[in-house]
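Participant: model this:
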Amino acid sequence: MNWTLETLLPTFDKREHHSRLIHAPQDRVWDTLMDLRAGDLPVTLGLMRVRGGPSAWVKGIDVGAHEGMDLRVLESMAPREMAADPPHEVVLGDIARYAAMRPSRPEIERGDPEAFAGFAEPGWSKVVMNFRLTPEGDGTLLSTETRVLATDASARRAFALYWGVMRAGSGLIRHDILRAIEKKTRTP
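Facilitator: Predicted structure coming up:
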């Protein structure tokens, strides 16, 4: 099956979309996206510190531990890759109880699109996110969409409360990623 944002989560409770025109060719934007590291994202690292609770507030986030890590591997922040169609789109997904201070995840294979699509156990929220690259003139329109679907009414209520507080931070992270990619494509 061709796994896309639409096939992994065709219906959703919440959605956000952000985009930025990057003045660079599609292949260069793709390579920059795939090479993006947590250390490239100061706003995201700051939000990780806030989300990390009192010990992170005092001790901070060990940037050295995250700096060289690929974004798709940061357990606390990013979903896992579900599908990729280089240099056009990458789709990421995750299932968790996000309202908890430290989100828990079900015992399923993370990064498996079939397991993700078929998961329906009550009490969880499914999140899918993509980065789509579309040639536009001399540049590339880089867009990202995030969709969330709760698996039952209780999880939907819990996520709605969480989203009320965290939505602004989620948007800041997406803008941080888009800004970092734009900046990195300008540097040789």
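
Participant: got any ranges where the chain has weak pLDDT?
Facilitator: Within the chain, the ranges that satisfy pLDDT under 70 run 48-78, 188.

Participant: And the strands in it?
Facilitator: If you assign secondary structure with DSSP state E, the strands in the chain sit at 14-22, 80-85, 89-96, 125-136, 139-150.

Participant: Excluding sequence neighbours, find me the nearest residue to Arg110.
Facilitator: Arg80 (4.7 Å; Cβ to Cβ, 6 or more residues apart in numbering). All C-beta atoms are positioned from the backbone trio N, CA, C, and that covers glycine.

Participant: ok now do the one you found, which residues does it touch?
Facilitator: Contact analysis of Arg80 by Cβ atoms under 8 Å, 6 or more residues apart in numbering lists 72, 92-94, 110-111.

Participant: for Val148, same thing?
Facilitator: 12-15, 125-127, 159, 163.

Participant: Now do the contacts for the residue nearest to it when sequence neighbours are not counted.
Facilitator: Of all residues beyond its chain neighbours, the one nearest Val148 is Lys14 (4.1 Å), with distances taken as Cβ to Cβ, 6+ apart. Contacts of Lys14 were listed using Cβ under 8 Å, 6+ apart, and they are 146-148, 159, 163, 167.

Participant: same for the longest helix seen in the chain, what does it pack against?
Facilitator: The helix spanning the most residues in the chain, taking DSSP state H as the definition, is helix 153-186. Applying 3 or more Cβ pairs under 8 Å, 6 or more residues apart in numbering; DSSP states H and E, one finds that helix 153-186 makes contact with strand 14-22, helix 26-35, helix 42-51, strand 125-136, strand 139-150.

Participant: please redo it, this time with the cut-off set to 7 Å
Facilitator: The elements that helix 153-186 packs onto, with contact taken as 3 or more Cβ pairs under 7 Å, 6 or more residues apart in numbering; DSSP states H and E, are strand 14-22, helix 26-35, helix 42-51, strand 139-150.

Participant: As a markdown table, these with distance to Trp3 would be great.
Facilitator: Formatted as a markdown table, the entries for those read as follows, by distance: least, Cβ to Cβ, whole Å:
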| stretch | distance to Trp3 |
| --- | --- |
| strand 14-22 | 18 |
| helix 26-35 | 18 |
| helix 42-51 | 25 |
| strand 139-150 | 14 |
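
Participant: quick one: the nearest residue to Leu161 once chain neighbours are set aside from Glu6, how far?
Facilitator: Spatially, and ignoring its direct neighbours in sequence, Leu161 is nearest to Ala99 (6.6 Å; Cβ to Cβ, 6+ apart). Between Ala99 and Glu6 the distance, using Cβ to Cβ, to the nearest Å, works out to 26 Å.
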